[in-house]
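Novice: Show me the folded form of this:
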Amino acid sequence: MEFIEFLDRTEVEIIKIIEIAGYRTAENTKLCLLSENYVGFLDKQKKEIIICTSNAKKREGYTPLRKKNMDIYERTALHIKKALRHEAVHVAQECNDGNLLKIDKKLSMNPSKKNALHGSKIISGEEEKEKQAYILEDKPRLVKNELRKYCL
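Specialist: Residues are numbered from 1 along each chain as shown. All right, here's what the predicted structure looks like:
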């Protein structure tokens, strides 16, 4: 899977935990065709996190010729890492019997994610769970810890 080359060690550890919890990862499935704006999904029925690597690359103008442009590479990698973490939060929520995680109430969502939240809410219908995923997607170690707490 191509998206793995964009990950840091923490995200690789997140994948290992979700696999132990009975989930797997997939890349560029039909769900990714819904919109180029989406970089990740959780298919609860299949117990599968889907990463839309092609969408992340399109959004940032990443091509094999531009692979050496570190700015484009880093922005593409950031989209992919955040998508993986976001969907991993949903896995932790599922491990918590479908409930919200018990996280610090002081943590808040970056206002710049308001449009993304709206799009996610339309697909999932679960605003609070989406908000929690957007709050935590910027905190890789916290995502890993929540997965350990609820899924292992």
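
Novice: where does the protein dip in pLDDT?
Specialist: In the predicted model of the chain, no residue satisfies pLDDT under 70.

Novice: quick one: the helices in it?
Specialist: Along the chain, counting by DSSP state H, helices occupy 9-20, 53-60, 70-95, 114-124, 127-136, 140-151.

Novice: Now render these as a markdown table, adding mean neighbour count and distance to K47.
Specialist: Where you see a C-beta, it was placed from the backbone N, CA and C, and this is true even at glycine. Supplementary listing: those in a markdown table, determined by neighbours: other Cβ atoms under 10 Å; distance: least, Cβ to Cβ, whole Å:
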| stretch | mean neighbour count | distance to K47 |
| --- | --- | --- |
| helix 9-20 | 17 | 9 |
| helix 53-60 | 20 | 20 |
| helix 70-95 | 21 | 8 |
| helix 114-124 | 14 | 16 |
| helix 127-136 | 20 | 17 |
| helix 140-151 | 19 | 11 |
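
Novice: Tell me which of those helices approaches E2 most closely.
Specialist: E2 sits nearest to helix 53-60 of all those, at 5.1 Å, using Cβ to Cβ.

Novice: what's the angle between the closest one and helix 70-95?
Specialist: Using axes from the mean of the first three to the mean of the last three Cα atoms, to 10 degrees, the inter-axis angle of helix 53-60 relative to helix 70-95 is 140 degrees.

Novice: Relative to the whole chain's centre, how far out is helix 53-60?
Specialist: 14 Å (Cα atoms, centre = their mean, to the nearest Å).

Novice: Can you list the helices and strands that it packs against?
Specialist: helix 70-95 (3 or more Cβ pairs under 8 Å, 6 or more residues apart in numbering; DSSP states H and E).

Novice: for the helix it packs on, packing partners?
Specialist: Helix 70-95 packs on helix 9-20, strand 40-43, strand 48-51, helix 53-60, helix 127-136, helix 140-151, going by 3+ Cβ pairs under 8 Å, 6+ apart.

Novice: Contacts for the second one next, please.
Specialist: Judged by Cβ atoms under 8 Å, 6 or more residues apart in numbering, the contacts made with strand 40-43 from elsewhere in the structure are 29, 31-32, 48-52, 83-84, 86-87, 90-91, 94, 123.
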